[in-house]
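**Q** Show me how the following folds:
(chains A and B)
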2 protein chains.
Amino acid sequence: MASLRLAVDAMSGDHGLRSSLSATLNALNRNSALHVSLVGDEPAIVNALATKKYDPARLQIVHSTDVVTMDDIPSKALRYKKQSSMYRALELLRDGSVAGVVSAGNTGALVAMSCIILDRLPGVRRPAICAPVPAHNGVTYMLDLGANISCDAEQLYQFAVMGSALAKALDGRERPRLALLNVGAELIKGTSVVKEAAELISANPQLNYVGFAEGNDIFSEQIDVMICDGFTGNVALKVCEGTANFIRGQLKAKFVQSLYGKIAAVVVKPVLSAFAREINPDRYNGAALLGLNGVVIKSHGSSGAASFESAIHKAAKAVECHLPQLIATQINTTES
Amino acid sequence: MASLRLAVDAMSGDHGLRSSLSATLNALNRNSALHVSLVGDEPAIVNALATKKYDPARLQIVHSTDVVTMDDIPSKALRYKKQSSMYRALELLRDGSVAGVVSAGNTGALVAMSCIILDRLPGVRRPAICAPVPAHNGVTYMLDLGANISCDAEQLYQFAVMGSALAKALDGRERPRLALLNVGAELIKGTSVVKEAAELISANPQLNYVGFAEGNDIFSEQIDVMICDGFTGNVALKVCEGTANFIRGQLKAKFVQSLYGKIAAVVVKPVLSAFAREINPDRYNGAALLGLNGVVIKSHGSSGAASFESAIHKAAKAVECHLPQLIATQINTTES
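**A** Numbers count the residues shown, from 1 in each chain, chains lettered A, B, ... in the order given. As a prediction, this is how the structure comes out:
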């Protein structure tokens, strides 16, 4: 096994091979340490590679016959799509043939398959989905976003450890600022679970806990990682999406009323569309599945080659930083 | 006691007497059945009334010496501001001198004081805050928005009964469509609490339950009442607010870059500002505190006379529809 070999799910996502292939070739060009196992329909891949220049020693093709679509129900995909490029890529990770997986496919299916195929890191209670949410001057990493509907304080604490490690690995933030999502900033606010989680997190000197935060603080530049249970996280992101769409609708109604409005639409529409795309849970870019024995990064479903390539670099970075080992060490330090 | 007498907290809110007084006089003009007890600083009120025309038989002044400010901490206001116009207005309701209270003051203080001063309706486990959230073609009534941080299924069920009664009373919606906020629309989704609540709600033929809904559905025109616990509701509304502010920030950055942008700003800014104001929990307009023995309606903190007046009409409507009695009957029918 190469020191830095990733499996790229070549077939999933809206553009399938069209974006995964150029992304992979560009990533290989830009990172000379990288090796890729491209998982997908071999004849199609061979055909697409015919006119391309690449180093065959660093690009292996792994054949698969099926594809998980964006509309597949996760539980069904898990059961019936064991020959899919997504499933096969995760098997390569499980078997140690690669150190990470990148897929632009269906988020729910990727989570369901990862949880079944891969081992949890020792000490980790449950894996969590962590995605970067656009914020003032950067992003806020938010977790969990739906893998765990109800959580106890210990799980929220583990999310803090995992989210902190991710922000460190991907963005090089030295001491990522962690906050717990709550209904107020005062210590007396919230459920017993968040209060207990606050105690656990603040008792760990390796975590840079800044306190409780409220829903609007997701966008704050004072916070790097926002911790919540998967129910709250899922509702919060869907509300972001709904709000953006609602505002778009309201503005659209204004736009058609005047010439000014028609001009305004030219400026406003792309900003709102980009935001709505960014926070759509089916389409996260760069979301990570944390707590598993291996790196799994989700690329945007509708991403072109550029953002797919950026997801590959993120996965490579997470592997180089030994993200899973970092999480395991930190979890186990604090467990004992 | 007049059949339709309300207490108006004349001093609270950003504009105090300035907006409450004209609102009251206009409301009296427009609704000849209405009587008002105006609670506040008597000399100031008398002075302000000197130049106005009104029917003194329908407008009583009740003196109070203190005011709850928008910055007061609810628990402290409750303890130390017993001579405030807000506290006194609620006492009038408790004593049966009026049938409802309208205040533009601090939401937290109004909730805290109402819960302590007023009795709960028989059978109601806990009161809830319900506010109209702007939605496509109207509003969605959402509850609870923070009075109850964790809720069991029975409480969520009671919120459904109360929210349904409110939407019926205020908007005349015959069979308000109720949804439970969840992480997916499928029956298998969510916590055991929301699943159990779904069973309780759908078992009551008097409730028009349409199923689970997701965060983005708050804005849907298919839903009249959205039910959730106070933690999720509070986070959801704060996320709305944060998203609107974030989008405003992003657009602003675009606006300064070009002449088109500067023109766009003229159209966009008022829409976004209005939305952000509307969903700011400190400033809800027309929020109702449900489950208490009496009608309590919150007017927008920064509202001018027009929206304060609309809150008075809402309170009158709720009293005329016997909202508390409706809720009590419905809660007790299903309890037995």
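**Q** Outside of the helix or strand of chain A with the lowest mean pLDDT itself, list whatever touches it.
**A** Counting by mean pLDDT, DSSP states H and E, chain A has its least confident helix or strand at helix A:259-278, which shows a mean of 74. With Cβ atoms under 8 Å, 6 or more residues apart in numbering or on different chains as the test, helix A:259-278 has contacts from A:133-134, A:241, A:244-245, A:247-248, A:251-252, A:254-256, A:283, A:285, A:300, A:302, B:246-247, B:250-251, B:254-255, B:258, B:260-261, B:263-268. Quick note: C-beta positions are derived from backbone N, CA and C, even for glycine.
**Q** In helices, which of those fall?
**A** Among these, the residues falling in helices (DSSP state H) are A:241, A:244-245, A:247-248, A:251-252, A:254-255, B:246-247, B:250-251, B:254-255, B:260-261, B:263-268.
**Q** Let me see the backbone angles for A:Asn234.
**A** phi -60, psi -50 (degrees, to the nearest 10).
**Q** Just give me the neighbour total for it.
**A** 25 (other Cβ atoms under 10 Å in any protein chain shown).
**Q** Count the neighbours of A:Ile129 for me.
**A** 28.
**Q** in the sheet, who's paired with it?
**A** A:Leu289 (DSSP bridges).
**Q** Surely it and A:Gly291 touch.
**A** No. With contacts counted by Cβ atoms under 8 Å, A:Ile129 stays clear of A:Gly291, the gap being 9.9 Å.
**Q** quick one: buried residues of the least confident helix or strand of chain A?
**A** For helix A:259-278, a neighbour-count test (16 or more other Cβ atoms under 10 Å in any protein chain shown) marks A:Gly261, A:Ile263, A:Ala264, A:Ala265, A:Val267, A:Val268, A:Val271, A:Leu272, A:Phe275, A:Ala276, A:Arg277, A:Glu278 as buried.
**Q** Please apply the same query to stretch A:7-27.
**A** Buried-residue list, stretch A:7-27, by 16+ other Cβ under 10 Å: A:7-17, A:19-27.
**Q** List the contacts of A:Asn216.
**A** Contacts of A:Asn216 (Cβ under 8 Å, 6+ apart): B:Lys238, B:Val239, B:Glu241, B:Gly242, B:Asn245.
**Q** a markdown table for those, including neighbour count?
**A** Below are those laid out as a markdown table (neighbours: other Cβ atoms under 10 Å in any protein chain shown):
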| residue | neighbour count |
| --- | --- |
| B:Lys238 | 26 |
| B:Val239 | 30 |
| B:Glu241 | 22 |
| B:Gly242 | 24 |
| B:Asn245 | 18 |
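**Q** Please identify which of the residues you listed is nearest to A:Gly172.
**A** Comparing the contacts of A:Asn216 against A:Gly172 with Cβ to Cβ places B:Gly242 closest, at 26.0 Å.
**Q** I am assuming the closest one contacts A:Phe219, so please confirm or correct that.
**A** Yes. At 5.0 Å, B:Gly242 counts as touching A:Phe219 under the criterion of Cβ under 8 Å.
**Q** For the stretch 101-250 of chain A, which residues are neighbours of chain B?
**A** A:134-136, A:146, A:149-150, A:181, A:183, A:190-191, A:214-219, A:228, A:230-232, A:234-247, A:249-250 (Cβ under 8 Å from any Cβ of the partner chain).
**Q** Give me the distance from stretch A:305-321 to the chain's centre.
**A** 11 Å (Cα atoms, centre = their mean, to the nearest Å).
**Q** buried residues in that stretch?
**A** In stretch A:305-321, counting by 16+ other Cβ under 10 Å, buried: A:305, A:307-321.
**Q** angle of the host helix or strand of A:Ala131 against helix A:259-278?
**A** Using DSSP states H and E, A:Ala131 maps to strand A:128-135. For strand A:128-135 against helix A:259-278, the angle by axes from the mean of the first three to the mean of the last three Cα atoms, to 10 degrees is 160 degrees.
**Q** Packing partners of strand A:128-135?
**A** Using 3 or more Cβ pairs under 8 Å, 6 or more residues apart in numbering or on different chains; DSSP states H and E, the elements in contact with strand A:128-135 are strand A:138-143, helix A:153-171, helix A:230-255, helix A:259-278, strand A:287-290.
**Q** ok, the very next helix or strand once past the last one: who's next to it in the sheet?
**A** Just to be clear, that refers to strand A:287-290. Counting by DSSP H and E, the next helix or strand C-terminal to strand A:287-290 is strand A:295-298. According to DSSP bridges, strand A:295-298 forms sheet pairs with strand A:100-103 (parallel), strand A:287-290 (antiparallel).
**Q** what distance separates strand A:295-298 from the middle of the whole chain?
**A** On Cα atoms, centre = their mean, the centre of strand A:295-298 falls 6 Å from that of its chain.
**Q** what does stretch A:220-232 give?
**A** That offset, for stretch A:220-232, works out to 14 Å (Cα atoms, centre = their mean).
**Q** Same question for stretch A:191-209.
**A** Taking mean C-alpha positions (Cα atoms, centre = their mean), stretch A:191-209 and its chain are 24 Å apart.
**Q** try stretch A:114-134
**A** Here the centre of stretch A:114-134 is set off from its chain's centre by 10 Å, with Cα atoms, centre = their mean.
**Q** distance of A:Asn332 from A:Cys130?
**A** 20 Å (Cβ to Cβ, to the nearest Å).
**Q** same check, this time on A:Glu196
**A** Per Cβ to Cβ, A:Glu196 is found 21 Å from A:Cys130.
**Q** ok now do the closest residue to chain B within the stretch 51-200 of chain A, which residues does it touch?
**A** Of all residues in the stretch 51-200 of chain A, A:Val183 sits closest to chain B, at 4.2 Å by Cβ to the nearest Cβ. Applying Cβ under 8 Å, 6+ apart, we find A:Val183 in contact with A:Lys189, A:Gly190, A:Glu214, B:Gly146, B:Ile149, B:Gly230, B:Phe231, B:Asn234, B:Val235.
**Q** Repeat the analysis, applying 7 Å as the threshold.
**A** A:Lys189, A:Gly190, A:Glu214, B:Gly146, B:Ile149, B:Phe231, B:Asn234, B:Val235 (Cβ atoms under 7 Å, 6 or more residues apart in numbering or on different chains).
**Q** what's the neighbour count on A:Trp82?
**A** Not quite, residue A:82 is Lys, not Trp. 15.
**Q** that older thread, what's the least confident stretch among the helices and strands packed on strand A:128-135?
**A** The stretch with the lowest mean pLDDT among those is helix A:259-278, at a mean of 74.
**Q** tell me the angle that one makes with strand A:138-143.
**A** Using the same axes, to 10 degrees, the direction of helix A:259-278 lies 40 degrees away from that of strand A:138-143.
**Q** Restricting to C-alpha, output helix A:259-278 in PDB.
**A** Provided in PDB are the C-alpha atoms of helix A:259-278 (Å, rounded to 0.1, in the frame of the first residue of the first chain):
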ATOM      1  CA  LEU A 259     -36.500  48.000 -13.400                       C
ATOM      2  CA  TYR A 260     -34.400  48.500 -10.300                       C
ATOM      3  CA  GLY A 261     -35.500  45.100  -9.100                       C
ATOM      4  CA  LYS A 262     -34.500  43.500 -12.400                       C
ATOM      5  CA  ILE A 263     -31.100  44.900 -12.100                       C
ATOM      6  CA  ALA A 264     -30.900  43.900  -8.500                       C
ATOM      7  CA  ALA A 265     -31.700  40.300  -9.400                       C
ATOM      8  CA  VAL A 266     -28.500  40.100 -11.500                       C
ATOM      9  CA  VAL A 267     -26.400  40.800  -8.300                       C
ATOM     10  CA  VAL A 268     -28.500  38.900  -5.800                       C
ATOM     11  CA  LYS A 269     -29.400  35.600  -7.500                       C
ATOM     12  CA  PRO A 270     -25.900  34.100  -7.700                       C
ATOM     13  CA  VAL A 271     -25.100  34.900  -4.100                       C
ATOM     14  CA  LEU A 272     -28.300  33.300  -2.800                       C
ATOM     15  CA  SER A 273     -28.100  30.300  -5.100                       C
ATOM     16  CA  ALA A 274     -24.500  29.600  -4.000                       C
ATOM     17  CA  PHE A 275     -25.500  29.800  -0.400                       C
ATOM     18  CA  ALA A 276     -28.500  27.500  -0.800                       C
ATOM     19  CA  ARG A 277     -26.400  25.000  -2.600                       C
ATOM     20  CA  GLU A 278     -23.700  25.100   0.000                       C
END
